[in-house]
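>>> What follows is a predicted structure for the sequence shown.
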There are 2 protein chains.
Amino acid sequence: MTTTAPETTTRMRSEERRALVLEAATRVFGERGYHGATTDAVARAAGVSQPYVVRMFGTKEAMFLAVLDRAVERMMDAFRAAVAESADAPEGIGRCIATNYVELLSDRGLLLSLMQAFMLGADPVIGPEARACMRKVYVFLREEAGMAPDEAHEFLATGMMLNTLVGLRMADDYEREPAVRELLDEVFPTKLEFLLSLRDRES
Amino acid sequence: MTTTAPETTTRMRSEERRALVLEAATRVFGERGYHGATTDAVARAAGVSQPYVVRMFGTKEAMFLAVLDRAVERMMDAFRAAVAESADAPEGIGRCIATNYVELLSDRGLLLSLMQAFMLGADPVIGPEARACMRKVYVFLREEAGMAPDEAHEFLATGMMLNTLVGLRMADDYEREPAVRELLDEVFPTKLEFLLSLRDRES
DNA sequence: GTCTATAAGACGATAGAC
DNA sequence: GTCTATCGTCTTATAGAC
């Protein structure tokens, strides 16, 4: 309403910077976990100063919750897109969502940050928030994606396994270990090439 | 060889204490993760002093690796017992292992410590060790349990999901959230009572 | 809005008594 | 073998300049 042109520009740039830091935080949290990640590492990854990222979110904990919120929001967006696509797709809705799910790995750390949160159920602040994320996903699968309980269960189990294998960096052993090759060939039947390509990117 | 009676007694008590600390460490690492756990918390859980637990393992990292080793060893023991049992069991070997798997939850933190390690694939020391654990389990399922690749895959996926739901403390919402109730009823069809009973134990 | 400097606290590890 | 005391470091968060 009273928004002037310069003010809008500033706001936009500010939000862009925030998005940049949030993305860097997603990567760092995904890689090292909540406690292992430092605000300094996030700052360096985003190319800003450490006190600045703290200022931006107030506390490290609030920053993690923001990362979590963004992650689950993006995930739901991808799922919703998959449901829309699957209307005129020959393969089932499950496969359709699964394909989009694996592609979420492009957003480095997104699925891993979620997974890291899932391991902190005992935390008094992060725990409830993480449980809410899981509920959100399950309710989506049941109500919007129209899965039966056992379908949703199987879908979630596969997702957790994918996340775990990515967190483990199991692809690092793909060439060296025949058993690993067999496992990954089984788990990522179509998207293996994509997965292996992710290894080569920076730390 | 030169072992005297008193020395043996001392050794035994010493190993018992070590086992006690290892068990406490398993609980603490499982709950807070590698970085979130402090040597002080482990010490308090074991009822000894903080410098003592550091002395015992040299470093926090070495202590975590010892926890990891014990965890995977206990898991394989449980699996081997299940395979032996399944010889004259009507249900498949998968169900038999799965039953023993859920009962591993009694050893508080054992499965969660493993899962925490799986999220640290990027760590230069813990990462390779964690991948070795996963390989060990997969090779066991394929070669000793006689599972086909897709059976082993499904078994692992279910296991990762169980671990995740336990790490999330999803059972805390069982009564309050109908969706959670539905999910847990689906995932833990026979062992739900057992799972819910675990909630009530101390922190 | 973003930085430098730094305070305050937590943590892993060591020294040394018993 | 186990403790108390403590050092040095790392880390979050604040103060304040620009």
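Okay, I see it. Numbering: from 1, shown residues only, chains lettered A, B, ... in the order given.

>>> ok, which residues in chain A are in contact with DNA strand C?
Contacts of chain A with DNA strand C, taken as CB under 7 Å from any atom of the strand, map to A:10, A:13-14, A:17, A:47-52, A:55. For glycine as for every other residue, the C-beta is placed from the backbone atoms N, C-alpha and C.

>>> can you tell me if the lengthiest helix in chain A touches DNA strand D.
Longest helix in chain A, counting residues (DSSP state H): helix A:5-36. No: using CB under 7 Å from any atom of the strand, helix A:5-36 stays clear of DNA strand D, with a minimum separation of 7.8 Å.

>>> buried sites along that helix?
Using 16 or more other CB atoms under 10 Å in any protein chain shown as the burial criterion, the residues of helix A:5-36 that qualify are A:21-36.

>>> so can I have CSV of the residues of chain A next to DNA strand C showing distance to A:Asp123 and pLDDT?
Below are the residues of chain A next to DNA strand C laid out as CSV (distance: CB to CB, whole Å; pLDDT from 0 to 100):
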residue, distance to A:Asp123, pLDDT
A:Thr10, 36, 69
A:Arg13, 34, 83
A:Ser14, 30, 87
A:Arg17, 28, 94
A:Gly47, 29, 98
A:Val48, 27, 98
A:Ser49, 27, 98
A:Gln50, 23, 98
A:Pro51, 25, 98
A:Tyr52, 25, 98
A:Arg55, 23, 98
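
>>> Any residue of the host helix or strand of A:Leu198 touching chain B?
Assigned by DSSP states H and E, A:Leu198 belongs to helix A:192-199. No: between helix A:192-199 and chain B, judged by CB under 8 Å from any CB of the partner chain, nothing touches; the nearest distance is 11.0 Å.

>>> if we can go back for a sec, give me the distance from the longest helix of chain A to the chain's centre.
Averaged C-alpha coordinates place helix A:5-36 at 15 Å from its chain's average position (CA atoms, centre = their mean, to the nearest Å).

>>> Run through the neighbouring helices and strands of the next helix or strand after that helix.
Sequence-wise, the next helix or strand downstream of helix A:5-36 (DSSP H and E) is helix A:39-46. For helix A:39-46, the packing partners by 3 or more CB pairs under 8 Å, 6 or more residues apart in numbering or on different chains; DSSP states H and E come out as helix A:5-36, helix A:50-57, helix A:60-85.

>>> Out of those helices, which gets nearest to A:Ala132?
Shortest separation from A:Ala132 across these is recorded for helix A:60-85, at 8.5 Å, computed as CB to CB.

>>> how much space between the nearest residue to A:Val83 once chain neighbours are set aside and chain B?
On the basis of CB to CB, 6 or more residues apart in numbering or on different chains, the spatially nearest residue to A:Val83 that is not a chain neighbour turns out to be A:Ala145, at 5.6 Å. Applying CB to the nearest CB, to the nearest Å, the value for A:Ala145 to chain B is 14 Å.

>>> Check what pLDDT A:Ala145 gets.
A:Ala145 is assigned 94 on the pLDDT scale.

>>> Equivalent analysis for A:Ala5, please.
You'll see A:Ala5 listed with a pLDDT of 51.

>>> got the residues of chain A near DNA strand D?
A:37-40, A:50-51, A:54-55, A:58-61.

>>> Please pick the buried ones from these.
Neighbour-count burial (16+ other CB under 10 Å) applied to the residues of chain A next to DNA strand D gives A:37, A:39, A:54, A:60.

>>> Among the buried residues of helix A:5-36, find me the one that's closest to A:Met160.
Using CB to CB, these come closest to A:Met160 at A:Gly30, 15.1 Å.

>>> ok, that closest one touching A:Ala117?
No: counting by CB atoms under 8 Å, A:Gly30 sits too far from A:Ala117 to count as a contact (10.1 Å).

>>> Kindly reformat the residues of chain A next to DNA strand C as CSV and extend each row with distance to B:Arg74.
Shown next, in CSV, are the residues of chain A next to DNA strand C (distance: CB to CB, whole Å):
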residue, distance to B:Arg74
A:Thr10, 58
A:Arg13, 54
A:Ser14, 52
A:Arg17, 48
A:Gly47, 45
A:Val48, 45
A:Ser49, 46
A:Gln50, 41
A:Pro51, 45
A:Tyr52, 46
A:Arg55, 46
